[in-house]
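In: Pasting the sequence and the predicted model now:
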Amino acid sequence: MKRFTLVAMVALSAAPFAATFVQANPDSDRSHPGHFVKDSVITTKIKTTLAAQHITNLVHVKVDTDDQGVVWLSGRARSQDAIDSAISIARATEGVRDVHSSIRLRMDK
């Protein structure tokens with residue numbers, strides 16, 4: 001029981017440091033793990049929303065987010081409406097400052 005209490009106390013005392021470690025400071029070096037956490041959260045939100053919308057005309061879309069909140073969409077889609085929807089979803093995502101798209105139309109033969 002004493003060991004469990006000791007482990008719990010150490011974990012609770014380390015929690016504030018973990019929160020500080022994960023926070024992203026836009027003025028700091030990109031090598032800081034907080035940037036990657038922030039970037040991956042934005043990317044994951046966009047990918048989840050795209051999947052939830054069931055946009056079947058999106059063939060392969062890659063989503064990348066840089067450390068400034070700029071999203072880069074690339075890949076292929078079967079219609080311009082699908083491209084516009086993907087861009088709109090990315091722009092509406094919290095934390096996104098700008099969206100650049102190089103999604104190309106894919107013509108099925």
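Out: Arrived safely, thanks for sending.
In: is it true that Ala77 touches Lys62?
Out: No: under the criterion of CB atoms under 8 Å, Ala77 is not in contact with Lys62, lying 11.9 Å apart. Bear in mind the C-beta positions are built from the backbone N, C-alpha and C, glycine included.
In: which one of the two has more residues nearby?
Out: The neighbour count for Ala77 versus Lys62, taken as other CB atoms under 10 Å, is higher for Ala77 (24 against 12).
In: what pairs with the more buried one across the strands?
Out: Beta-bridge pairing for Ala77 (DSSP bridges): Leu58, Leu105.
In: Tell me who's in contact with it.
Out: 57-59, 61, 83, 86, 103-106 (CB atoms under 8 Å, 6 or more residues apart in numbering).
In: go with 6 Å
Out: Contacts for Ala77 (CB atoms under 6 Å, 6 or more residues apart in numbering) come out as 57-58, 83, 103.
In: Following the chain onward from the least confident helix or strand in the chain by mean pLDDT, which element is next?
Out: The weakest-scoring helix or strand in the chain, judged by mean pLDDT, DSSP states H and E, is helix 2-22 (a mean of 45). Next helix or strand after helix 2-22 toward the C-terminus (DSSP states H and E): helix 33-53.
In: Mind giving me the packing neighbours of that next one?
Out: Under the contact criterion of 3 or more CB pairs under 6 Å, 6 or more residues apart in numbering; DSSP states H and E, helix 33-53 touches strand 58-65, helix 80-92.
In: Show me what the shortest one is packed up against.
Out: Under the contact criterion of 3+ CB pairs under 6 Å, 6+ apart, the helices and strands touching strand 58-65 comprise helix 33-53, strand 70-77.
In: so which of those comes closest to Arg91?
Out: Each of the helices and strands packed on strand 58-65 was scored for nearness to Arg91 using CB to CB, and the closest is strand 70-77 (8.2 Å).
In: how about stretch 89-101: buried residues?
Out: 89-90, 93, 96, 99, 101 (16 or more other CB atoms under 10 Å).
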